[in-house]
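> Predicted model follows, preceded by the sequence.
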Amino acid sequence: MKTVRNAFLCAVVPLVCALGATHAQAQGIGRSGSYGPWWDSPVTMSMDKLTAQQRSEVVQIKNRMMQMTMEHEQAMAKMESEFMQTMMNLQKQLLDVFRGH
């Protein structure tokens, strides 16, 4: 029984380690810039340590960042929609060509 358990552990432990390493590489762990966009990271300085003018600037900057993010997402959605429409038209053309034969 002990031999079976040891054999099982010798087979499973390296497999789990290999899967973990593969997962870490796929997620980009340990690579520069792999922890998500830097603008999404929380501000490390406390807001209460800032002056009123600095707090105002922080709010304005965050609002601009949020606006830029929204504009980017809208542009990407528009491009995706145009891409899908073009692909559907091209597929329709292909279907028409194959129907002709």
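Sure, I can see it.
> can you give me the mean pLDDT across the lengthiest helix in the chain?
Counting by DSSP state H, the longest helix found in the chain is helix 52-99. Model confidence over helix 52-99, given as mean pLDDT, is 95.
> Packing partners of that helix?
Here helix 52-99 touches no other helix or strand, going by 3 or more Cβ pairs under 8 Å, 6 or more residues apart in numbering; DSSP states H and E. Glycine gets a C-beta too; all of them are placed from N, C-alpha and C.
> quick thing: my sequence starts at 240, can you match it?
Let's use 240 as the start, then, which means that last one is helix 291-338.
> gap between residue 317 and residue 328?
Distance, residue 317 to residue 328, by Cβ to Cβ, to the nearest Å: 17 Å.
> Also residue 320?
13 Å.
> Could you do residue 318 as well?
16 Å.
> Then residue 294?
Applying Cβ to Cβ to residue 294 and residue 328 gives a distance of 51 Å.
> Comparing those two, which shows the higher neighbour count?
residue 294 (13 against 10; other Cβ atoms under 10 Å).
> That one contacts residue 288, correct?
No. Contact between residue 294 and residue 288 fails when scored by Cβ atoms under 8 Å: they sit 9.8 Å apart.
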